[in-house]
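J.: Okay, here's the prediction I keep looking at, along with the sequence it came from:
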Amino acid sequence: MQRSHNDYNGGQAKWMMNLPLARTMSGSKFNMDVDVKMMETMFRMIGEDGLYYIPVIGAPWHEAWDSGWAVKPGVEQHFDSWPNGRALQCLVTWYARDPGNEGLKKNIERMIHGFLTLANRQDGVGWLPAHFTNIDGSRTMPLSPQGVLQQSTVLPGVAHYYRLTKYPPAKELAELFVNYWLGPANFLKENGEWNLTPTLHFHGTTFAIGGLLDWALAVNDQALLSKVAKAYEFARAGGEPLMGWFPESLPALHPGTEPCGIGDMTVLASLLSEAGAGDYWEDVEHYTRNLLSEVQITDNWFLERMASDAGLSGETYEAKKPLETADNVADRMLGVFTGMSAADGQTQTVSSHCCTGNGFRGMYHAWSSIVSLQERTLRVNLLLNRASQWADVNSFLPYQGRVDVMMKQPLALQVRIPSWVKDIAQVECTVDGNKKVCSMNGRYLDVGALQAGQKVTVTFPMTDEIVRTQIKWWDQGKDEKTESYTLRVRGFNIVDLYPRRANVIHQFFGSGEYRQGEPRWVEVERFAPKNEKFW
């Protein structure tokens, strides 16, 4: 495991932002002392001007392979707009969980004022310099869409803080960014399509679109919300949504998929659907059940094998400290999201930790939107397993077309029926074992009013079909290439895939039990948070 300045150049703040999200989903308090130390480190990296600085003097990554900027004479610290935006998001996420925390509030507002002071302004638009050190750095206006990508992480934190507090300087800063992004930056076309001159980094672009979505929701801008939905659909068409595959750049220059982009698309589909700006719930199902889950390392046997084959195991390899460690690396990789994968599995022996932050962000939004409460009606939007304060959802997919809902509060219930169920007469519903005739409200089965303690079972035919698809990219930006796959799909889950290439180190979609009709039962302790819709 190698360390570099990227541990702090967005990585640290990314992980810290997602710790409250992951703990809200799981209820885990494991290693919370580490959370505290990480936050203490962040506070020490925020300067008197409110900005987040990455130190150079005395830093262990000073001589790292990717830290060439750090060896310039006189450089003591540097500013980068990307990790600064991540740091603000981290502070606002923690504040949303603890809105009475004056220390967080003070640092958030100091950072917003720092951005306003640093921002270059021209005719009602504003932008931040992408990067500068204490001795040099350009602060000129980046006119191309790439300028948006350099600062795309800043707007989400500003928008969320304004939503929480209506803090006027947050609105001032957000409007400068939005005016710049939708104006001279030439980032999106009027119809929501991306400006692909030049090629755009997918994750950086979808993150910016997510910032516009956050701002549209904060100020109820329906026109902007509609534009974001069109931008999402453009991004969706550039990938393979059935698998949840999205390229590292658009147009795609290689067949790899970056989990950061998969996480972003899951967030966008969830929030747009919740806001009523489109019906993308089945996109969320496909992304979450397939590549968003597959790219997370939950079994590390292949890492141990790779290290052994390469002569890099802890027993035979002497790590070059402080930039490397060989201590228990494979176990420490459990739960992380790989930095780059192919559609059918992992082809690289290197995994960047940066994607873990965005992967969990996607999982949180999928998890939080499985159920939603609107007035006194509980909606089951996604047919995934979920415990909540209102009801527990037990999904039998992809084994069977069945969902059980265990009511915990007296509420009306609606359950989304998959689009592959063409004949609604095939949908059956029972309440406490007694058959109930229900009407449809769009794609939702309207079960009606229920009492706490009642059990609802909804059944429908399960599909098992063969689907052929392709992934396309432009090698060296010139020659069109394709990879063709034949998929076996049960419901929303890809349960098998052909061909399986020889150069894939760790195969995806090989879970044999998913191809069976009987569910596999696992006994777990579930957690239902009281405060879950804070982000």
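T.: Perfect, thanks for sending it.

J.: CA only for contacts and neighbour counts going forward, please
T.: Fine.

J.: Now for the closest residue in space to residue 477 that isn't next to it in sequence, how many residues are close by?
T.: Of all residues not flanking residue 477 in the chain, residue 253 sits nearest, at 5.8 Å (CA to CA, 6 or more residues apart in numbering). If you count neighbours by other CA atoms under 10 Å, residue 253 ends up with 20.

J.: And the helices in the stretch 201-350 of the chain?
T.: Assigned by DSSP state H, counting those that start in this stretch, the stretch 201-350 of the chain shows helices spanning 202-219, 222-237, 259-274, 281-289, 291-294, 301-309, 329-332.

J.: Now do the strands in the stretch 251-400 of the chain.
T.: 345-346, 371-374, 377-380, 386-387, 391-395 (DSSP state E, counting those that start in this stretch).

J.: And the contacts of the third one?
T.: Residues from elsewhere that reach strand 377-380, judged by CA atoms under 8 Å, 6 or more residues apart in numbering: 370, 371, 372, 373, 390, 411, 412, 413, 414, 415, 416.

J.: same thing but 10 Å
T.: Contacting residues not belonging to strand 377-380 are listed as 369-373, 386, 390-391, 393, 403, 405, 407, 409-417, 444-446, 448-450 [CA atoms under 10 Å, 6 or more residues apart in numbering].

J.: end to end, how far does stretch 459-470 reach?
T.: With CA to CA, to the nearest Å as the measure, stretch 459-470 spans 32 Å from end to end.

J.: Same question for stretch 361-375.
T.: Start and end residues of stretch 361-375 are separated by 26 Å (CA to CA).

J.: now swap in stretch 305-320 and tell me
T.: 21 Å.

J.: thinking again about what came up before, comparing the strands of the stretch 251-400 of the chain, which comes out most buried?
T.: The highest mean neighbour count among those, using mean count of other CA atoms under 10 Å, belongs to strand 345-346: a mean of 22.

J.: could you say what helices and strands that one packs with?
T.: Counting contacts by 3 or more CA pairs under 10 Å, 6 or more residues apart in numbering; DSSP states H and E, strand 345-346 is packed against helix 291-294, strand 506-507.

J.: Quick one: the strands in the stretch 101-250 of the chain, in order.
T.: Going by DSSP E, counting those that start in this stretch, the stretch 101-250 of the chain shows strands at 120-122, 125-127, 131-133, 200-201, 249-250.

J.: Which among those is found nearest to residue 306?
T.: strand 249-250 (28.1 Å; CA to CA).

J.: low pLDDT regions in the chain?
T.: For the chain, the stretches flagged by pLDDT under 70 are 8-10, 60-71, 137-144, 313-315.

J.: Walk me through the domains of it.
T.: 5-187, 373-396+402-459 (automatic domain parsing).

J.: Can you name the residues bridging to the residue of the chain most remote from its centre?
T.: Most distant from the centre of the chain: residue 434, at 40.3 Å, with distances by CA atoms, centre = their mean. Per DSSP bridges, the residues bridged to residue 434 are residue 431.

J.: Let's have the strands of the stretch 251-400 of the chain in CSV, adding distance to residue 461.
T.: Shown next, in CSV, are these (distance: least, CA to CA, whole Å):
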stretch, distance to residue 461
strand 345-346, 30
strand 371-374, 22
strand 377-380, 18
strand 386-387, 22
strand 391-395, 14
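
J.: how near is the residue farthest from the centre of the chain to residue 447?
T.: In terms of CA to CA, residue 434 sits 12 Å off from residue 447.

J.: what sits in contact with each of these two?
T.: Joint contacts of residue 434 and residue 447 (CA under 10 Å, 6+ apart) are residue 456.

J.: contacting residues for the residue nearest to residue 222 when sequence neighbours are not counted?
T.: Closest residue to residue 222 apart from its sequence neighbours, by CA to CA, 6+ apart: residue 216 at 6.9 Å. Contacts for residue 216 (CA under 10 Å, 6+ apart) come out as 159, 210, 222, 223, 224, 225, 226, 227, 228.

J.: For residue 292, which of the strands of the stretch 101-250 of the chain is the nearest?
T.: strand 249-250 (17.7 Å).

J.: My guess is residue 119 contacts residue 154. True?
T.: No: judged on CA atoms under 10 Å, residue 119 makes no contact with residue 154 at a distance of 11.9 Å.

J.: So for those two, which sits in the more crowded spot?
T.: Counted by other CA under 10 Å, residue 119 and residue 154 do not tie: residue 154 has more neighbours, with 27 against 18.

J.: Am I right that residue 89 is in a helix?
T.: Yes: under DSSP: H, G, I helix; E, B strand; the rest coil, residue 89 falls within a helix.

J.: I'd like to know how many residues surround it.
T.: Counted with other CA under 10 Å, residue 89 comes out at 27.

J.: All further residue positions should be reported with the first residue as 24.
T.: Let's use 24 as the start, then, which means that last one is residue 112.

J.: For it, which non-adjacent residue is spatially closest?
T.: Counting by CA to CA, 6+ apart, the residue nearest residue 112 is residue 180, at 4.3 Å.

J.: Equivalent analysis for residue 212, please.
T.: Excluding its sequence neighbours, the residue lying closest to residue 212 (CA to CA, 6+ apart) is residue 218, at 6.3 Å.

J.: Thank you, goodbye.
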